[in-house]
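Engineer: I need the structure of the sequence given here:
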Amino acid sequence: MELELRHLRAIRAIADTGSLTKAAASLGLAQPALSTQLKRIERALGGPLFVRDRTGARPTPLGELVLDRARVLLPAVRELQEEAVRFANAWAHIQRFRIGGTHGPLLGGLIDRLATAHPSAPVSTYTSWSVQELSTMVVEGRLDYALIGVCGQSPPPVADQLTWQPIGTDPVFVMLVEDHPLAGEVELKLSALASESWTDVPGDGCFGDCFAAACARAGFTPVSVFETDTASCVHLVQVGRAVGLCRATFPPTPGVVIRPLAGAPLSWRHMIGWHPGAPAADTAPAVAGHARAAHADAVRRSEPYATWLRSHARCSAAFGTATVGPAAP
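Structural biologist: Next comes the predicted model:
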């Protein structure tokens, strides 16, 4: 694992608050997810960064070394990003739509709607598994908008520099080969899949940690998790090699069925972000509206999801397009 800026932010938050619980709350993460992340960071750096006891968390000598570097690097990176935005915005004046997005049908739906509504405006795209990369490109003025997803209630990246608005929230479903013994079930308990291998697309958020925590609550540790591209994930499910994690809006696929998890232990929140000082801010409300419409279309096209929403009236207010509303900058 390579050390990233988000890891330095997590280390600094633990040191500043003196507690993993308080640090997790300030970062918008679940405490087990932050604890798992810290263990990975410590393995990568070669030793413990904090001494943890009843009084809280105190940096070790190695932790002090890392903190000293983090307190120099993090402000320097932020200053660089702000200067890049000012430079990029000095010449960015024509109407255009430079959109970055993670892989999935929502990006295609947004592009289609923008191209229809603004036929003379150039539309370009950039896709990445990394929401941090996409957000940084918006901060630096290389993209106008980032269409991303974040796990559960986790905050989007660089929330102190970009304006983010929610598009919709989906429960995470499971993909099964159509002749799987559990394929006929209406809803699956996560514990019923304890003996399965899993497949999922990569990412740099906390989803992997939250999935591991959900499995632990269900009483098991995943046998294995294959992180690969969407096509390979689908193939592994089709041949019965693994079961896959997917958004509830996952489109119909030959040989594959999708089923909800009981209690919806995992969720995925779609967000769109832009820089408040960039020209893109002027057209941001319209772009966000097109993204919400694209998400609503995806929800309607997924019969398993629509069925789940109808049968879970209490959950409907938290999922689908019902979550759409204003977000604080």
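Engineer: quick check on the closest residue in space to G109 that isn't next to it in sequence: phi, psi?
Structural biologist: Nearest non-adjacent residue to G109, counting by Cβ to Cβ, 6 or more residues apart in numbering: A294, 3.0 Å away. Bear in mind the C-beta positions are built from the backbone N, C-alpha and C, glycine included. Reported as degrees, to the nearest 10, the phi and psi values for A294 are phi -60, psi -40.
Engineer: per-residue pLDDT, A294?
Structural biologist: According to the prediction, A294 has pLDDT 94.
Engineer: what do you get for A218?
Structural biologist: Per-residue pLDDT puts A218 at 96.
Engineer: tell me the contacts of it?
Structural biologist: Going by Cβ atoms under 8 Å, 6 or more residues apart in numbering, A218 touches K189, L190, S191, A194, P265.
Engineer: now it: how far from F50?
Structural biologist: 28 Å (Cβ to Cβ, to the nearest Å).
Engineer: where does the stretch 1-150 of the chain dip in pLDDT?
Structural biologist: Along the stretch 1-150 of the chain, segments meeting pLDDT under 70 span 86-94.
Engineer: so where do the helices sit in it?
Structural biologist: Per DSSP state H, counting those that start in this stretch, the stretch 1-150 of the chain carries helices over the ranges 5-17, 20-27, 31-45, 61-89, 105-117, 131-139.
Engineer: list the buried residues for the shortest one?
Structural biologist: Buried positions in helix 20-27, judged by neighbour count with 16 or more other Cβ atoms under 10 Å: L20, K22, A23, A24, S26, L27.
Engineer: just how off-centre is it within its chain?
Structural biologist: In terms of Cα atoms, centre = their mean, to the nearest Å, the centre of helix 20-27 is set 18 Å apart from its chain centre.
Engineer: and if you look at the fourth one?
Structural biologist: With Cα atoms, centre = their mean as the basis, helix 61-89 stands 23 Å off its chain's centre.
Engineer: that one packs against which elements?
Structural biologist: Packing contacts for helix 61-89, counted by 3 or more Cβ pairs under 8 Å, 6 or more residues apart in numbering; DSSP states H and E, involve helix 5-17, helix 131-139.
Engineer: just give me the longest strand of this structure.
Structural biologist: The longest strand of the chain (DSSP state E) is strand 163-177.
Engineer: what's the mean pLDDT across that one?
Structural biologist: For strand 163-177, mean pLDDT rounds to 95.
Engineer: which strands and helices lie in contact with it?
Structural biologist: When contacts are defined as 3+ Cβ pairs under 8 Å, 6+ apart, strand 163-177 packs onto helix 230-238, strand 243-247, strand 256-260, strand 267-274, helix 280-301, helix 303-311.
Engineer: hmm, who's touching the helix or strand just after it?
Structural biologist: Per DSSP states H and E, the first helix or strand lying C-terminal to strand 163-177 is strand 198-200. Strand 198-200 is contacted by residues 207-208, 211, 222-228, 232-233, 236-237, 241-245 when judged by Cβ under 8 Å, 6+ apart.
Engineer: after strand 198-200, which helix or strand is next?
Structural biologist: The helix or strand immediately downstream of strand 198-200 is helix 207-217, counting by DSSP H and E.
Engineer: so after that next one, what's the next helix or strand?
Structural biologist: Helix 207-217 is succeeded, C-terminally, by strand 225-227 (DSSP H and E).
Engineer: which strands or helices does that next one pack on?
Structural biologist: On a contact count with 3+ Cβ pairs under 8 Å, 6+ apart, strand 225-227 meets strand 198-200, helix 230-238.
Engineer: and stretch 145-158, end to end?
Structural biologist: This stretch, stretch 145-158, spans 13 Å end to end (Cα to Cα, to the nearest Å).
Engineer: pull out the buried residues from it.
Structural biologist: Y145, A146, L147, I148, G149, V150, C151, G152, S154, P156, P157, V158.
Engineer: which of those lies closest to G168?
Structural biologist: G168 lies nearest to G149 out of these, by Cβ to Cβ, at 9.9 Å.
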